[in-house]
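quick one: sequence plus predicted model below, questions after.
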Amino acid sequence: MGEEVVSLALPWPPSVNTIWRKFQGRMVLSQAGRDYRDAVRGVVLSTILWPRVRLSGRLAVDLKLHPPDARRRDVDNVLKALLDALTHAGVWSDDSQVKRLSVEMCDEFRIQGGRVFARIFPALRNSGP
């Protein structure tokens, strides 16, 4: 991947409480979860040059979360749908590649419909204790 930085402007994700549903005794991705995954894939395909190359190695992700309204939100409640959608879109092979994650809730700067600005780049190796 080199020193490439990928920047994406993504739609606001559904909460972790709404992305899974129990169906015939199994947990399945809800319609909201599938719709979000498809929307993220559309953004990725229109942003990253085709053919897509999955980012490899250890990655760092910086997220700026701009919620759609003034409701109180837990910052971690949006991460599961977001990271899983980026995996599904082919940005990386698996979100276990994310070794550093920085998240900022920018609730003083709301955007109509909500938006997540993501920067993805190579993570530096830890030097140890």
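Noted; the coordinates are in hand. Not measured: the values here are computed from a predicted model.

quick check: next helix or strand after the lowest-mean-pLDDT helix or strand in the chain?
In the chain, no helix or strand scores lower on mean pLDDT, DSSP states H and E than strand 20-23, which sits at a mean of 86. Sequence order places strand 26-29 as the next helix or strand after strand 20-23, per DSSP states H and E.

just how off-centre is that following strand within its chain?
Computed by C-alpha atoms, centre = their mean, to the nearest Å, the chain-centroid distance of strand 26-29 equals 20 Å.

and it, what does it pack against?
Using 3 or more C-beta pairs under 8 Å, 6 or more residues apart in numbering; DSSP states H and E as the contact criterion, the elements in contact with strand 26-29 are strand 20-23. For the C-beta atoms, the positions are set from N, CA and C on the backbone; glycine is no exception.

rerun that using 10 Å as the cut-off
If you count contacts as 3 or more C-beta pairs under 10 Å, 6 or more residues apart in numbering; DSSP states H and E, strand 26-29 packs onto strand 20-23, helix 31-47, helix 79-88.

find the nearest non-adjacent residue to Glu4, please.
The spatial neighbour of Glu4 that comes closest, neighbours along the chain excluded (C-beta to C-beta, 6 or more residues apart in numbering), is Phe121 at 7.1 Å.

mind listing what's buried along the helix or strand containing that neighbour?
Using DSSP H and E, Phe121 sits within strand 115-122. Residues Arg115, Val116, Phe117, Ala118, Ile120, Phe121, Pro122 are the ones in strand 115-122 that count as buried (16 or more other C-beta atoms under 10 Å).
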